[in-house]
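Trainee: how would this look folded up:
(chains A and B, ligands or ions: 2)
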Number of protein chains: 2
Amino acid sequence: MTQTHATGPKLANPLTPFTLYFSLNNGLSDAAPSLQRQLSKMKGMYADDEAYRSLLADGADPLVYEFHELGIPESDGNLAFGTSIVYPGKVGDEYYMTKGHFHTVLDTAEVYYCIGGKGMMLMENPEGDWNVQEFAPGKAVYVPGRYAHRSINTGHEPLITFYVFRADAGHDYGTIETKGYRKVVVERDGQPAVLDNPKWK
Amino acid sequence: MTQTHATGPKLANPLTPFTLYFSLNNGLSDAAPSLQRQLSKMKGMYADDEAYRSLLADGADPLVYEFHELGIPESDGNLAFGTSIVYPGKVGDEYYMTKGHFHTVLDTAEVYYCIGGKGMMLMENPEGDWNVQEFAPGKAVYVPGRYAHRSINTGHEPLITFYVFRADAGHDYGTIETKGYRKVVVERDGQPAVLDNPKWK
Ligand SMILES: [Mn+2]
Ligand SMILES: [Mn+2]
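Mentor: Ligands and ions are numbered 1, 2, ... in the order given. Next comes the predicted model:
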């Protein structure tokens, strides 16, 4: 899948110093429109297809998450950054989450600093290792190179993170869309639990 | 000047996913000790030597700023990150600031996300361009490659920023220590003003 670009701030070419505001309360920016991912854009990604379909009945299409893509030129000396906001909700007993992706330049890391909400970063690499880290305000999660990463909201308010990665890292969404993740994060007795993904190929 | 390493968190080698907490209130971490820069470590860097000496009289040595150096392995796919906390204060009429540095790999950027306080990022490149951006909570400042960068607290509470840069960028403090910055940020009629640095070589 190709990454669509929102109309971002006007950047000088070559880049000169600039400032962008992202609210510490809700993650949104007055100058950088977000890319929005409604539930209809995540067909097949949740384990419970029946619950997925029923949430989209009667034309409903809830906003699952939004994030920023600023159009920073893709050189290895530049950094891309922005906020990600995953809203609270579930599809069946599986928490709202981002699609998740690998970086095309596989061995490039990403840092996520949580400024609001509660959740998890679910990660896995091509070698078959998987890992989960918890998000809470003030927690910085380090995603090393090679790890696909998906943010999951396990709480009752928006999960807001500020992220930075190398601007030339690129995004590979296709692998996850085709194979899925090894694990799912679902609610069990009111608590998040990490279980095997029945759909994983 | 060589960068000293504080005793940071134990990191796996090769890196695996991990989490570090940095308080959104004060920038400090329970798991990562900070590197502290007292005023005595900034000899000659402020314009007013007389005011500098008098602040150090009778054995006083105020803490000007602190920051984190986590010991992330210096590869071009890794990212270094942490918080910087510049305390409020002045040397004469010049606001408390960090030493400032170039990156050794000159063409590597850095992103600073302000989570508290008020101030400026003062930047200049070897070509002679200089630039100032304002910090306030929620403002992300982009420092492009080639620009030396110095954080300055122009307010009355700690200036707290969360920063991310390529782990192999390296630090060149020596150029600034020898030549100084082209500009200084001083208080004039109760407001910050950017003036030529009388000491600049
Ligand atoms: Mn990423
Ligand atoms: Mn730097």
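
Trainee: can we go C-alpha only for contacts and neighbour counts from here?
Mentor: OK.

Trainee: and chain A, which residues reach chain B?
Mentor: Proximity of chain A to chain B (C-alpha under 8 Å from any C-alpha of the partner chain) is limited to residues A:15-24, A:76-79, A:81, A:107-111, A:115, A:131-134, A:137-145, A:164-166.

Trainee: Now do the contacts for A:Asp168.
Mentor: Taking C-alpha atoms under 8 Å, 6 or more residues apart in numbering or on different chains as the criterion, A:Asp168 is in contact with A:Pro73, A:Glu74, A:Ser75, A:Asp76, A:Asn78, A:Leu79, A:Val105.

Trainee: Closest one of those residues to chain B?
Mentor: Of all the contacts of A:Asp168, chain B sits closest to A:Asn78, with 5.3 Å by C-alpha to the nearest C-alpha.

Trainee: per-residue pLDDT, the residue most central in space within chain A?
Mentor: With distances taken as C-alpha atoms, centre = their mean, A:Thr98 lies nearest the centre of chain A, 3.9 Å away. The model reports A:Thr98 with a pLDDT of 98.

Trainee: same thing with A:His5?
Mentor: Turning to A:His5, the model gives it a pLDDT of 48.

Trainee: Report the residue spans of chain A with pLDDT below the cut-off.
Mentor: A:1-7 (pLDDT under 70).

Trainee: Give me the phi and psi angles of A:Met42.
Mentor: phi -120, psi 30 (degrees, to the nearest 10).

Trainee: What is the burial count for it?
Mentor: A count of neighbours around A:Met42, defined by other C-alpha atoms under 10 Å in any protein chain shown, yields 15.

Trainee: next one: A:Glu134
Mentor: Neighbour number of A:Glu134 under other C-alpha under 10 Å is 18.

Trainee: cool, and A:Lys183?
Mentor: A:Lys183 is flanked by 20 other residues according to other C-alpha under 10 Å.

Trainee: A:Lys199 is in contact with that one, correct?
Mentor: No - contact criterion C-alpha atoms under 8 Å: A:Lys183 and A:Lys199 do not qualify, at 9.4 Å.

Trainee: quick revisit: now the buried members of the residues of chain A next to chain B.
Mentor: Those of these that meet the buried threshold are A:16-24, A:76-79, A:81, A:107-111, A:115, A:131-134, A:137-145, A:164-166, by 16 or more other C-alpha atoms under 10 Å in any protein chain shown.

Trainee: Just the ones of those residues in strands?
Mentor: Using DSSP state E, A:18-21, A:79, A:81, A:110-111, A:115, A:131-134, A:139-143, A:164-166 are the members of these that sit in strands.

Trainee: Just the residues contacting stretch A:173-183, thanks.
Mentor: By C-alpha under 8 Å, 6+ apart, the list of residues contacting stretch A:173-183 from outside reads A:1, A:45, A:99-102, A:124, A:130, A:194-197, A:199-201.

Trainee: at 6 Å instead, please
Mentor: The contact list for stretch A:173-183 (C-alpha atoms under 6 Å, 6 or more residues apart in numbering or on different chains) reads A:His101, A:Leu195, A:Asp196, A:Asn197, A:Trp200, A:Lys201.

Trainee: OK, contacts around A:Val194?
Mentor: Residues near A:Val194 by C-alpha under 6 Å, 6+ apart: A:Val184, A:Val185.

Trainee: Give me the distance from the stretch of helix or strand it belongs to to the chain's centre.
Mentor: Assessed by DSSP states H and E, A:Val194 sits inside strand A:191-196. With C-alpha atoms, centre = their mean, to the nearest Å as the basis, strand A:191-196 stands 18 Å off its chain's centre.

Trainee: cool, and stretch A:78-87?
Mentor: 9 Å.

Trainee: likewise stretch A:46-64?
Mentor: Relative to its parent chain, stretch A:46-64 has a centroid offset of 19 Å by C-alpha atoms, centre = their mean.

Trainee: which of the residues in it are buried?
Mentor: By neighbour count on 16+ other C-alpha under 10 Å, the buried set for stretch A:46-64 is A:Tyr46, A:Ala47, A:Tyr52, A:Leu55, A:Leu63, A:Val64.

Trainee: Next step: the residues you listed restricted to strands.
Mentor: A:Leu63, A:Val64.

Trainee: and the buried residues of stretch A:46-64 as JSON lines, adding distance to B:Leu35?
Mentor: Conversion of those to JSON lines gives the following (distance: C-alpha to C-alpha, whole Å):
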{"residue": "A:Tyr46", "distance to B:Leu35": "45"}
{"residue": "A:Ala47", "distance to B:Leu35": "46"}
{"residue": "A:Tyr52", "distance to B:Leu35": "50"}
{"residue": "A:Leu55", "distance to B:Leu35": "51"}
{"residue": "A:Leu63", "distance to B:Leu35": "42"}
{"residue": "A:Val64", "distance to B:Leu35": "40"}
